[in-house]
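Trainee: sequence and predicted structure, then a few things I'm wondering about:
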Amino acid sequence: MQLTEKTELLKQIRDEVINLKESPLYEFRVRNNYFPVLGQGNHDADIMFIGEAPGKNEAEQGRPFCGASGRVLDELLTSINLKREDVYVTNIVKDRPPDNRDPSREEIKLYSPFLVRQINIIQPRVIATLGRFSMEFILKLFDAPEQNDKISQLHGRKIKAQAEYGEVYVVPLFHPAVALYRADQKTTLKHDFQVLKDFIS
């Protein structure tokens with residue numbers, strides 16, 4: 001698929017999410033003058049990062065991981081000589097849940113088809129999941145044998161899976177937000193990120 005075609009298909013997803021009035025988060029978005037957060041980065045990326053849902057900063061700017069967690073993510077990317085524009089960053093849920101609560105099952109079910117389309121358009125070689133919700137969703141999507149394992153067991157591992165477009169590796173990572181509260185987790189994240197070097201061409 002040509003890059004121009006990928007960009008056009010991703011724009012279609014953006015337009016659909018902007019008008020997703022059946023979402024329980026739609027009114028909250030409109031009331032607060034928030035933006036949906038579709039994703040950002042290289043539409044031909046080899047590495048795709050997937051979080052769970054945007055926070056306040058992200059909803060205000062319409063960009064994923066642009067707050068404190070985003071600064072941690074940028075630092076981690078720098079540690080393996082990658083820039084944000086080299087990768088693609090998105091979330092399962094595209095609108096901010098109130099009070100930064102976890103996304104509900106209903107919200108994940110409603111928004112996840114957009115994410116699946118994004119994956120199949122971009123066709124990354126590796127999907128790095130950021131946090132438990134993202135890891136559980138992606139491993140279940142690809143019917144990986146590890147889908148019932150905990151993130152504490154799987155973080156930093158390369159898990160081979162089969163996507164619609166071919167072979168893909170899933171690398172579960174802790175969410176960058178944990179590094180804001182626990183220094184030891186930041187060390188773990190930096191160590192786990194080294195695994196992604198194998199996918200940098």
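Mentor: That came in fine, so what should we check first?

Trainee: what about A177, neighbour count?
Mentor: Per other CB atoms under 10 Å, the neighbour tally for A177 reads 20. Where you see a C-beta, it was placed from the backbone N, CA and C, and this is true even at glycine.

Trainee: dump the residue contacts of it.
Mentor: Contact analysis of A177 by CB atoms under 8 Å, 6 or more residues apart in numbering lists A68, S69, V72, G131.

Trainee: ok, 7 Å please
Mentor: Applying CB atoms under 7 Å, 6 or more residues apart in numbering, we find A177 in contact with S69.

Trainee: need phi/psi at it.
Mentor: The phi and psi values for A177, taken as degrees, to the nearest 10, are phi -60, psi -30.

Trainee: could you report the pLDDT at it?
Mentor: The model reports A177 with a pLDDT of 92.

Trainee: one more: the one 3 residues further on?
Mentor: According to the prediction, L180 has pLDDT 89.

Trainee: give me the element it is part of.
Mentor: According to DSSP states H and E, L180 maps onto helix 178-181.

Trainee: what sits up against that helix?
Mentor: Against helix 178-181 from outside (CB under 7 Å, 6+ apart): A68, V72, Q185, K186, L189.

Trainee: the fourth one: neighbour count?
Mentor: Other residues within reach of K186, judged by other CB under 10 Å, total 18.

Trainee: average pLDDT for the strand with the most length in the chain, rounded please.
Mentor: For the chain, the strand that runs over the most residues, judged by DSSP state E, is strand 166-173. Averaged across strand 166-173, pLDDT comes to 98.

Trainee: one more: stretch 148-162?
Mentor: Stretch 148-162 comes out with an average pLDDT of 97.
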